[in-house]
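S.K.: I'd like to go over a predicted model; first the sequence, then the structure.
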Amino acid sequence: MHNKMAAVAICMAAFAMSAAAQVTGSGTAGTVPVFTGSGTSIGNSSAPITVSSTGNVGIGNTNPNNLLELSGGAFDFYNPGNWVAVGMDYDPTTDALRLRSNNASSNLNQTDISVQRVSGNVGIGTTAPTAILTIRKDAGTGNPMSTPAAMIDFKAYYTGYDTETVKASIRSGVDGTAVWNTQSGFLAFDTANTGTLNEAMRISALGNVGIGTTAPAYNLDVTGQIRATTGYVFPDGTTQTTAFIPANCGADYAESVGVTGDRTSFTPGDLLVIDPNNPGSFLKSNQPYSTLIAGVYSTKPGFVGRLEPASAKTDATEVPMAMVGRVPAKVSAENGPIKVGDLLVSSSTVGYAMKGTDRSLLTGAVIGKALGSLDSGTGTILVLVTLQ
């Protein structure tokens with residue numbers, strides 16, 4: 001009997017102790033509770049943290065519509081050793097989501113990243129980006145990139161070394177002791193990793209681009225040499241791929257003229273005459289002492305003029321006809337050997353010149369003077385074109 005009574009007493013004592021340690025308190029349904037003091041009372045979490053009927057979790061949001069929602073605050077990833085210190089918060093003043101580089105939500109760091117909710121603009125070093133990407137190195141000034149410290153750096157490293165660092169900086173505003181127009185910008189490089197940036201390109205307030213000059217006066221203003229590996233395209237659409245160097249070009253003036261018949265049947269050195277049946281077009285010479293003589297199909301003209309702009313149509317029907325200067329010409333010895341200084345006229349061989357010997361027929365028929373010789377047959381010699 002005594003043993004039974006002792007057992008009942010022990011049970012009652014245990015129940016009394018359990019009742020004394022019972023947790024009490026009140027809160028809102030769906031809210032994760034927390035201890036409100038050091039005792040056994042509980043209440044709503046202060047954030048609060050809520051769980052909806054569908055399982056969505058809200059922090060600072062009593063009606064979460066997504067799996068996890070945070071409102072009116074920030075969250076941090078923080079390592080006390082300071083190797084990791086990253087926070088994220090929503091800034092209601094600028095309506096932006098901000099990624100912070102330290103765990104203090106009130107401190108704006110130079111490496112902070114913010115994204116505007118409405119515009120989608122991204123800011124680095126600023127919570128109020130005014131463009132798609134706004135970068136500000138300093139946190140204390142009102143305008144992005146407004147001081148010498150404002151820049152963008154691009155670095156490339158070889159494994160284990162920092163000696164090959166390449167930095168590119170885009171700046172505007174004040175640079176050291178020089179004051180730049182606030183509407184201008186420039187691109188500078190630090191290729192030696194010395195900390196000194198050397199300007200490489202300047203864009204003026206008018207949009208002019210300068211290379212080697214800080215005051216570009218034209219759309220592109222370059223101080224120094226320019227190289228184009230595939231040539232220069234001019235306003236008329238023509239492309240120049242070879243520089244005008246007398247040693248590389250012909251020593252004659254030619255005009256691009258239309259020819260009668262198949263253009264591909266004409267070759268450099270041909271003597272050309274006016275086509276009497278088609279004014280404005282030219283033919284190969286085809287009779288001796290022709291007074292319709294006009295010029296020579298130039299092999300490599302020094303300069304070419306033309307009446308009409310170049311086009312696919314004119315290119316297919318025109319040839320360069322030398323009218324002044326030195327040019328290779330096809331010649332025939334049918335009227336005797338040709339010597340240097342002989343006057344040349346058209347021959348009976350189509351497209352060829354010969355020595356002119358009949359003084360009564362020379363007027364208006366001379367194409368020029370021979371600068372080479374031909375003893376027999378046909379060939380090509382240099383001719384000084386001087387129509388007479």
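M.R.: Sure thing, it's come through. In this text the structure is predicted, and so the values were computed from the model without any measurement.
S.K.: For Asn286, pull up the helix or strand it's in.
M.R.: Here Asn286, judged by DSSP states H and E, is contained in no helix and no strand.
S.K.: Check what pLDDT it gets.
M.R.: pLDDT for Asn286: 93.
S.K.: Could you do Asn107 as well?
M.R.: pLDDT, Asn107: 48.
S.K.: now Phe35
M.R.: With respect to pLDDT, Phe35 has a value of 80.
S.K.: Tell me the secondary structure at the residue lying closest to it once chain neighbours are set aside.
M.R.: Closest residue to Phe35 apart from its sequence neighbours, by CB to CB, 6 or more residues apart in numbering: Ile42 at 5.6 Å. C-betas here are computed from N, CA, C, even on glycine. What DSSP: H, G, I helix; E, B strand; the rest coil gives for Ile42 is strand.
S.K.: what's the distance between Ile42 and Ser53?
M.R.: 21 Å (CB to CB, to the nearest Å).
S.K.: Gly379 against Val331, yeah?
M.R.: Yes. Between Gly379 and Val331 there is a contact at 6.1 Å, judged by CB atoms under 8 Å.
S.K.: Neighbour count for these two, which is higher?
M.R.: Val331 (28 against 17; other CB atoms under 10 Å).
S.K.: Kindly list the longest strand within the chain.
M.R.: strand 318-332 (DSSP state E).
S.K.: where does the stretch 1-150 of the chain have low pLDDT?
M.R.: 1-21, 38, 72-92, 96, 100-111, 125, 130-131, 135-150 (pLDDT under 70).
S.K.: how about the strands in it?
M.R.: 24-25, 33-35, 41-44, 49-51, 57-59, 68-70, 74-78, 85-91, 96-100, 113-116, 122-124, 133-135 (DSSP state E, counting those that start in this stretch).
S.K.: Which strands or helices does the third one pack on?
M.R.: Strand 41-44 is packed against strand 24-25, strand 33-35, with contacts defined by 3 or more CB pairs under 8 Å, 6 or more residues apart in numbering; DSSP states H and E.
S.K.: for the ones you listed, which one ends up most surrounded?
M.R.: Each of the helices and strands packed on strand 41-44 was scored by mean neighbour count; the highest is strand 33-35, a mean of 15, by mean count of other CB atoms under 10 Å.
S.K.: Tell me the strands beside that strand, with direction?
M.R.: strand 41-44 (antiparallel) (DSSP bridges).
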